[in-house]
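*Asks:* sequence and predicted structure are below.
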Amino acid sequence: MTIGVIIGCAIVAVIGIGVIIGGAPFVPTRKKWTVDAMKLAGVGSGDVVVDLGSGDGAVLLAALASGARRVIGYEINPLLVIWSRLRLWRYGKRAMIKTGDFFHAKLPPDTTVIYLFQVKKVLRKIPKFIDQQRANLTVKKLRVICFGAEIPGIKFTRELGGMSLYEF
């Protein structure tokens, strides 16, 4: 019984901390979806991919496998930060996970692709967030992949398997 309670609490902590803190629940992304996301955005060797709500780091691993120069994840759940750092440690300085609310972050100037798997209340804030980041970014056309839901009020350029690609 005690082991069951401990396991149950651990599951709730991993899945639910993000919701309690104000983000989205953790939902693992299947490998096929991560591969499709990289294809949709055309991720290659010149890209710096940022995952806003990086969870277990699966999308960042897919970006590195697609040849991304560098990846950065922002994750509010400290347990998932630890897990994803362990998964990405072998990539050294090419992979970084930052703890905290990405809305308070300044994206790296060389960001070329952003990935989002977020709830609608978060997605509503994304256009303003990107507008605020724009002056700091060097890329002319920022590619944003949104999985599972659309960014309200913004028209996507392409779709693939439940994902939408936006260009800002």
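*Replies:* Noted; the coordinates are in hand. Numbering: from 1, shown residues only.
*Asks:* secondary structure element holding the most centrally placed residue in the chain?
*Replies:* If you average the C-alpha coordinates of the chain and look for the closest C-alpha using C-alpha atoms, centre = their mean, you land on residue 51, 2.3 Å from that point. Residue 51 is located in strand 48-52, with elements delineated by DSSP states H and E.
*Asks:* so which bits of stretch 133-144 are buried?
*Replies:* Taking 16 or more other C-beta atoms under 10 Å as the neighbour-count basis, stretch 133-144 is seen to contain the buried residues 133, 137, 139, 142, 143, 144. (C-beta placed from N, C-alpha, C; glycine too.)
*Asks:* mind picking the two most distant members of those residues?
*Replies:* Using C-beta to C-beta, the pair of the buried residues of stretch 133-144 lying farthest apart is 133 and 143, separated by 13.6 Å.
*Asks:* on that earlier part again, show me what the strand holding residue 51 is packed against.
*Replies:* Identification of packing neighbours for strand 48-52 by 3 or more C-beta pairs under 8 Å, 6 or more residues apart in numbering; DSSP states H and E yields helix 58-65, strand 70-75, strand 113-116.
*Asks:* strand partners (parallel or antiparallel) of it?
*Replies:* Using DSSP bridges, the neighbouring strands of strand 48-52 in the sheet come out as strand 70-75 (parallel), strand 113-116 (parallel).
*Asks:* with just CA atoms, put it into CSV.
*Replies:* Once non-C-alpha atoms are left out, strand 48-52 reads as follows in CSV (Å, rounded to 0.1, in the frame of the first residue of the first chain):
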residue,chain,number,x,y,z
VAL,A,48,18.4,26.7,-33.1
VAL,A,49,15.3,25.0,-31.8
VAL,A,50,13.5,26.2,-28.6
ASP,A,51,10.8,24.1,-27.0
LEU,A,52,8.5,26.1,-24.8
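*Asks:* run the chain-centre distance for that strand.
*Replies:* 6 Å (C-alpha atoms, centre = their mean, to the nearest Å).
*Asks:* not counting it itself, show me its contacts.
*Replies:* Applying C-beta atoms under 8 Å, 6 or more residues apart in numbering, the external contacts of strand 48-52 come out as 43, 57, 59-60, 63, 68-74, 102, 107-108, 110-116, 118.
*Asks:* and those residues, which of them are buried?
*Replies:* Buried positions within the contacts of strand 48-52, assessed by neighbour count (16+ other C-beta under 10 Å), are 43, 57, 59-60, 63, 68-74, 102, 107-108, 111-116, 118.
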